[in-house]
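**Student:** missing the sequence, but the structure's below:
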């Protein structure tokens, strides 16, 4: 048995893996031959690292929650983002309900454990890398970025989403609200990676990154009083 926060009502019907973790709607389930099958199929296992075929397009076109799969209504669109995605307001994954996003921030092993790394072993041979510039690290902090608007755009062979102005941003680290210090440390450690890409594009890209960094800092929580 594992100790998890209470499941949001919309997530209670999600199939669970052998550990008891609810499997997000977007996750692919693979049979013993490594072929995608219906979620929860007997003998199959979920691969949390891989998006099931067609789920990305379905989530966007049908306004489906990335985590529970139910319809999202109105402005309740919350993106689970690494800090660098807050800086450039770009992400490769669609939004979720707030309750589902909060559960992920509090329960997902990769998000809760800052030293946890992604396991690259036995990845499906036809698995596609995320679109855009993928920073392969555990950021140590995660943002729940709520916005009323987001726009898809092509990035190489994939699709990214440009996020609109935030309605609300909440920060988490290790399954609890993050401190300003933790967020700053995470952003400062990832910023050189974005800066390296900006330098390839020239001085205007560098200036734009600096502007975006300043705007992102406005979304941090206040510093703790001594």
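**Tutor:** Yep, that arrived. Note that the structure is a prediction, hence the values are computed from the model and not measured.

**Student:** and residue 41, how many residues sit next to it?
**Tutor:** For residue 41, the count of nearby residues is 13 (other C-beta atoms under 10 Å). For the C-beta atoms, the positions are set from N, CA and C on the backbone; glycine is no exception.

**Student:** typo on my end, residue 191
**Tutor:** Neighbours of residue 191 using other C-beta under 10 Å come to 18.

**Student:** mind listing what it touches?
**Tutor:** By C-beta atoms under 8 Å, 6 or more residues apart in numbering, the residues touching residue 191 are 84, 87, 213.

**Student:** Give me the subset of those that lies in strands.
**Tutor:** Among those, no member falls in strands (DSSP state E).

**Student:** Helices - which of the residues you listed land there?
**Tutor:** Residues from these lying in helices, with DSSP state H as the criterion: 84, 87, 213.

**Student:** surely the last one meets residue 87?
**Tutor:** Yes - the pair formed by residue 213 and residue 87 meets the contact definition of C-beta atoms under 8 Å, at 5.7 Å.

**Student:** And the ones in helices among the contacts of residue 191, which is closest to residue 60?
**Tutor:** Comparing those against residue 60 with C-beta to C-beta picks out residue 84 as the nearest, at 21.8 Å.

**Student:** Chain neighbours aside, what residue packs nearest to the closest one?
**Tutor:** Nearest residue to residue 84, sequence neighbours excluded (C-beta to C-beta, 6 or more residues apart in numbering): residue 190, at 4.6 Å.

**Student:** Could you pull up phi and psi at the one you found?
**Tutor:** Main-chain torsions, residue 190, degrees, to the nearest 10: phi -100, psi -20.

**Student:** Quick check: it touching residue 139?
**Tutor:** Yes - look at residue 190 against residue 139 with C-beta under 8 Å: they come within range, at 6.4 Å.

**Student:** anything in contact with each of residue 213 and residue 87?
**Tutor:** 187, 191.

**Student:** Give me the three-state assignment for residue 46.
**Tutor:** Three-state call for residue 46 (DSSP: H, G, I helix; E, B strand; the rest coil): strand.

**Student:** Tally up the residues packed near it, please.
**Tutor:** 22.

**Student:** swap in the one 10 residues further on?
**Tutor:** A count of neighbours around residue 56, defined by other C-beta under 10 Å, yields 20.

**Student:** unless I'm mixing things up, it is touching residue 94, no?
**Tutor:** Yes - the criterion here is C-beta under 8 Å, and residue 56 meets it with residue 94 at 7.0 Å.

**Student:** Between residue 213 and residue 87, which has more neighbouring residues?
**Tutor:** Taking other C-beta under 10 Å, residue 213 and residue 87 do not tie; residue 87 has more neighbours (21 against 18).

**Student:** how close does that one sit to residue 199?
**Tutor:** 16 Å (C-beta to C-beta, to the nearest Å).

**Student:** Residue 215 too?
**Tutor:** 20 Å.

**Student:** ok, back up a step: any chance of the ones in helices among the contacts of residue 191 in a markdown table, plus distance to residue 104 and pLDDT?
**Tutor:** Listed next are those as a markdown table, based on distance: C-beta to C-beta, whole Å; pLDDT from 0 to 100:
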| residue | distance to residue 104 | pLDDT |
| --- | --- | --- |
| 84 | 18 | 94 |
| 87 | 20 | 96 |
| 213 | 25 | 97 |
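
**Student:** Turn those into a markdown table, columns for distance to residue 30.
**Tutor:** Putting the ones in helices among the contacts of residue 191 into a markdown table (distance: C-beta to C-beta, whole Å) gives the following:
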| residue | distance to residue 30 |
| --- | --- |
| 84 | 30 |
| 87 | 34 |
| 213 | 40 |
